[in-house]
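Colleague: okay, predicted coordinates and the sequence, questions at the end:
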Amino acid sequence: MKMTRRDALKAAGAGAAGAMMAMHSMNNLAMAQQASGQQGQQQANGAVGEYTLMPLPYEYDALEPVIDERTLRLHHDKHHAGYVSGANDTLRKLAVARRDNDFAYIRALERDLAFNASGVLLHNLYWHSMRRGGGANGPQGELEAHLVRDFGSVDAFRSQFAAAAKNVHGSGWGLLAWEPALNKLVVLQIDVHQNQTIWGVCPLLVVDVWEHAYYLQYQNERGKHVDRWMEIIDWQKTASRYNQARQQFRRS
């Protein structure tokens, strides 16, 4: 049965939700995958336990002029796809290592798995952190109230988030996350894909500041890219992820 674009977009939305839930709690990984429909998709593809490249939830030109079509196409089809391939290749190598009881390269393999798999999951969330004109109205409801509570104001959050993203050392991400132990929203930097975060946080919103995310359009002006990116935050989906995360932890 051929998947329609509507079906693909639904799968992408489910995949982003599943990725977010999987990242916030290792104990809930299997449940998150099942809830997202990710396991069923993998089984249908004959690749149980492997990552898949989620389709974009919009057309390649949907985020212009903030992110141009050429950048988005390259970013998704080459870079994101590369992390999917790298993660699955590492999983296969680990399976061989277990079969042969040969762990001579375990350090490198574990490092590669953390890097590539984190790259897959962060990109799944990244595509669903944006929509054209999304940032115009800003956050609303409980998310807005809790941003004010935890940062002093929405503008203070914006300033800290933008500064964190602009000042990542080398390649990485800016992250808004919910920290369930304190019931608090936090802004974090992520070095590369897997370093300098807090275990157990639930990612809500990410901006990619690897050069491939902006260099074709903004060259070395990362700050300009981040400032423009704030205009396309999808606050509606961010709020939905926030509410979903808090409800999940209430049930845990």
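Modeller: Cool, the structure landed.
Colleague: for the rest of this, base every contact and every neighbour count on C-alpha atoms.
Modeller: OK.
Colleague: pull the residues that contact stretch 140-160.
Modeller: 184, 185, 186, 187, 235, 239, 242 (C-alpha atoms under 8 Å, 6 or more residues apart in numbering).
Colleague: now, which of the residues you listed sits nearest residue 133?
Modeller: Comparing these against residue 133 with C-alpha to C-alpha places residue 235 closest, at 10.2 Å.
Colleague: count of neighbours near that closest one?
Modeller: By other C-alpha atoms under 10 Å, the residues close to residue 235 number 24.
Colleague: now do it, the pLDDT please.
Modeller: Residue 235 carries a pLDDT score of 96 in this model.
Colleague: now residue 137
Modeller: The model's pLDDT for residue 137 equals 83.
Colleague: state the distance from it to residue 185.
Modeller: Per C-alpha to C-alpha, to the nearest Å, residue 137 is found 20 Å from residue 185.
Colleague: which one's more surrounded, the two?
Modeller: More crowded of residue 137 and residue 185, by other C-alpha under 10 Å: residue 185, with 24 against 12.
Colleague: ok so, going back, mind picking the two most distant members of the contacts of stretch 140-160?
Modeller: 184 and 235 (17.7 Å).
Colleague: can I assume residue 204 sits in a strand?
Modeller: Yes: when DSSP: H, G, I helix; E, B strand; the rest coil is applied, residue 204 is found to be in a strand.
Colleague: list the contacts for it?
Modeller: By C-alpha under 8 Å, 6+ apart, the contact set of residue 204 is 20, 125, 175, 176, 177, 178, 238, 241, 242.
Colleague: so where's the protein uncertain?
Modeller: In the prediction, the chain carries residues with pLDDT under 70 at positions 1-48, 251-252.
Colleague: I'd guessed residue 231 sits against residue 136; true?
Modeller: Yes: between residue 231 and residue 136 there is a contact under C-alpha atoms under 8 Å: 6.3 Å.
Colleague: those two: which is more packed in?
Modeller: The neighbour comparison of residue 231 against residue 136 (other C-alpha under 10 Å) goes to residue 231, with 18 against 13.
Colleague: how about the residue nearest to that one when sequence neighbours are not counted, phi and psi?
Modeller: If you skip the residues right next to it in sequence, residue 231 has residue 135 as its closest partner in space, 4.5 Å away by C-alpha to C-alpha, 6 or more residues apart in numbering. Per-residue torsions, residue 135: phi -80, psi 0 (degrees, to the nearest 10).
Colleague: just checking, residue 135 touches residue 227?
Modeller: No: the criterion here is C-alpha under 8 Å, and residue 135 misses it with residue 227 at 11.2 Å.
Colleague: residues that sit against both of these two, list them.
Modeller: The contact sets of residue 135 and residue 227 do not overlap (C-alpha under 8 Å, 6+ apart).
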